[in-house]
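Asker: Requesting a structural model of the entry that follows:
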Amino acid sequence: MPDVIVVGGGASGMMAAGTAAYYGANVTLLEKNNRTGRKILVTGKGRCNITNNCDRDTFIQNVPTNPRFLYSAISNFDSQDTISFFNELGLETKTERGNRVFPVSDRAMDVADALYSFVRNNGVKVIEST
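Answerer: Here you go, the predicted model:
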C-alpha cells in the first residue's frame with residue numbers, strides 16, 4: 001500500500017511524486033494518458049517554457065489577479081530553484097527574451113524525459129492508461 005498517491009503525471013505531479021519518494025515515501029503516480037508528461041510536449045510550441053528568470057517580487061508584480069495567493073509558494077520554491085532543479089537533473093537551460101527559460105536543446109521532450117527519470121530514479125511506481 002503506497003504512502004502517497006499522486007493523481008496526474010504532468011510536470012507538477014511528477015515533481016511532487018519524485019520529491020515525496022526522494023524523502024522516503026512509497027509513492028504511486030497515476031496518469032490517465034498512455035504517457036506520463038504528455039502535455040509537456042506541447043508547451044512553448046514544443047520547446048517547453050520551464051519558468052521565468054526573475055526575482056520573487058518581479059514575478060508577483062506581474063501576476064494579473066490575486067498575486068498574494070502565490071506568495072507563499074514562490075517564496076519557498078522560486079524560479080532560481082526551478083532552474084537549479086532541472087540543471088541538477090542534467091537538463092541545461094537558457095534564458096531568452098522576456099526572461100523566459102527553455103531547455104538549451106529547445107525540446108520539450110527533454111524536459112519530460114528529465115522529469116520521468118527523476119520519478120523513476122526515486123522509485124515511484126507509475127501507472128499509465130493503456
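Asker: so what pLDDT did residue 66 get?
Answerer: The score at residue 66 is 89. That number is its pLDDT.
Asker: And for the one 5 residues further on?
Answerer: pLDDT, residue 71: 84.
Asker: element containing it, please.
Answerer: Residue 71 belongs to helix 68-76 when elements are defined using DSSP states H and E.
Asker: Going by neighbour count, list what's buried in the helix or strand just after that helix.
Answerer: Using DSSP H and E, the helix or strand that follows helix 68-76 in sequence is helix 79-88. For helix 79-88, a neighbour-count test (16 or more other C-beta atoms under 10 Å) marks 79, 82-83, 85-86 as buried. (Each C-beta comes from the backbone N, C-alpha and C, glycine too.)
Asker: Check which helices and strands whichever helix or strand comes after helix 79-88 sits against.
Answerer: Using DSSP H and E, the next helix or strand after helix 79-88 towards the C-terminus is strand 93-96. For strand 93-96, the packing partners by 3 or more C-beta pairs under 8 Å, 6 or more residues apart in numbering; DSSP states H and E come out as helix 79-88, strand 100-103.
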